[in-house]
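the following block contains a protein sequence and its predicted model.
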Amino acid sequence: MNNVSISMRKRMKQFAVQIFELIDKFPANRKGGIVQSQLARSASWAADNYRAAQRCRSRAELISKLNTVDLPRQRFPLILPS
């Protein structure tokens, strides 16, 4: 693993931790809980995708991983409660 990979891995982890710290400050009501849940999934999703891309054995496998999209998240990245 090169320095760029190590740096990116640390940044992804730091991003997730910062998001988790942020969502702790949301109000403890139904709307706050919905947004907390969506942000937590999104923060960990970015790190999961990066990890999956790093495990690829070939360029073709990497391109395949990058083209794979979780459709519900792609269509509705953040659903705001009304």
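Yep, it's here.

switch to C-alpha atoms for all contacts and neighbour counts from now on
Fine.

buried residues in whatever helix or strand residue 18 lives in?
Per DSSP states H and E: residue 18 is located in helix 3-23. By 16 or more other Cα atoms under 10 Å, the buried positions in helix 3-23 come out as 9, 12-13, 15-16, 19-20, 23.

mind listing residues that contact it?
36, 39-40, 43-44, 46-47, 50-51 (Cα atoms under 8 Å, 6 or more residues apart in numbering).

give me the residue ranges of this structure where confidence is low.
Low-confidence segments of the chain, defined by pLDDT under 70: 1-2, 4, 66, 68-82.

let's see that with 90 instead.
Within the chain, the stretches with pLDDT under 90 are 1-17, 19-20, 23, 26-28, 31-82.

name the nearest of the buried residues of helix 3-23 relative to residue 55.
Distance to residue 55, by Cα to Cα, is smallest for residue 9 among the buried residues of helix 3-23, at 12.4 Å.

count the neighbours of residue 67 for me.
The number of residues packed near residue 67 is 9, by other Cα atoms under 10 Å.

going forward, count from 37.
Got it, first residue is 37 now, which makes that one residue 103.

how near is it to residue 96?
Distance, residue 103 to residue 96, by Cα to Cα, to the nearest Å: 11 Å.

same deal with residue 55?
32 Å.

tell me where the longest helix sits in this structure.
Ordering each helix of the chain by length in residues (DSSP state H) puts helix 66-90 first.

chain center to that helix, what's the gap?
Relative to its chain's centre, helix 66-90 lies at 4 Å (Cα atoms, centre = their mean, to the nearest Å).
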